[in-house]
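*Asks:* Output the structure for:
(one chain, ligands or ions: 1)
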Amino acid sequence: MTTSRRHSNSRRNNRRKNNKKTIVPHLVVCSNCGALTPSHRVCTECGYYDGKLVIVKKIKEKKTAKQ
Ligand SMILES: [Zn+2]
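*Replies:* Here you go, the predicted model:
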């Protein structure tokens, strides 16, 4: 890569503002928890996809305080 700055930031942003495809996901309502989540993606809220639990969210285990 010889040069990275082919255009100014302004020109780059001006070009990108017309490409909303990359930014706006197709939102669907999760069948499990009802949250809006991108389609064909595991739900970001509950970790379910296609009615199955895909991602088990890690719950921080609090270490019991020393007595
Ligand atoms: Zn969900």
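*Asks:* Stretch 44-59 and the ion, are they touching?
*Replies:* Yes: judged by CB under 5 Å from the ion, stretch 44-59 comes into contact with the ion through 45-46. (C-beta placed from N, C-alpha, C; glycine too.)
*Asks:* nearest residue to Tyr48 other than its sequence neighbours?
*Replies:* Nearest residue to Tyr48, sequence neighbours excluded (CB to CB, 6 or more residues apart in numbering): Asn32, at 4.0 Å.
*Asks:* and that neighbour, that's in a strand?
*Replies:* No: membership of Asn32 in a strand is not supported by DSSP: H, G, I helix; E, B strand; the rest coil, which gives coil.
*Asks:* Assign the residue nearest the centre of the chain to helix, strand or coil.
*Replies:* Centroid-nearest residue in the chain: Thr44, 7.2 Å away (criterion: CA atoms, centre = their mean). Following three-state DSSP, Thr44 is assigned to coil.
*Asks:* Could I get the contacting residues of it?
*Replies:* Residues near Thr44 by CB atoms under 8 Å, 6 or more residues apart in numbering: 35, 37-38.
*Asks:* shouldn't Val29 be in contact with Ser39?
*Replies:* No: with contact defined as CB atoms under 8 Å, Val29 does not reach Ser39; the gap is 9.9 Å.
*Asks:* the more surrounded of the two?
*Replies:* Comparing Val29 with Ser39 by other CB atoms under 10 Å, the one with more neighbours is Val29, at 12 against 9.
*Asks:* ok, now which ones touch that one?
*Replies:* 35-37.
*Asks:* quick check, nearest of the residues you listed to Thr64?
*Replies:* Ala35 (32.4 Å; CB to CB).
*Asks:* pLDDT score assigned to that closest one?
*Replies:* We have a pLDDT of 93 for Ala35.
*Asks:* Against the ion, how distant is it?
*Replies:* 5 Å (CB to the ion, to the nearest Å).
*Asks:* Neighbours of that residue, how many?
*Replies:* 14.
*Asks:* Okay, the nearest residue to it once chain neighbours are set aside and Ser8: tell me how far apart.
*Replies:* Using CB to CB, 6+ apart and skipping the chain neighbours, the partner closest in space to Ala35 is Glu45 (4.0 Å). As judged by CB to CB, to the nearest Å, Glu45 and Ser8 stand 39 Å apart.
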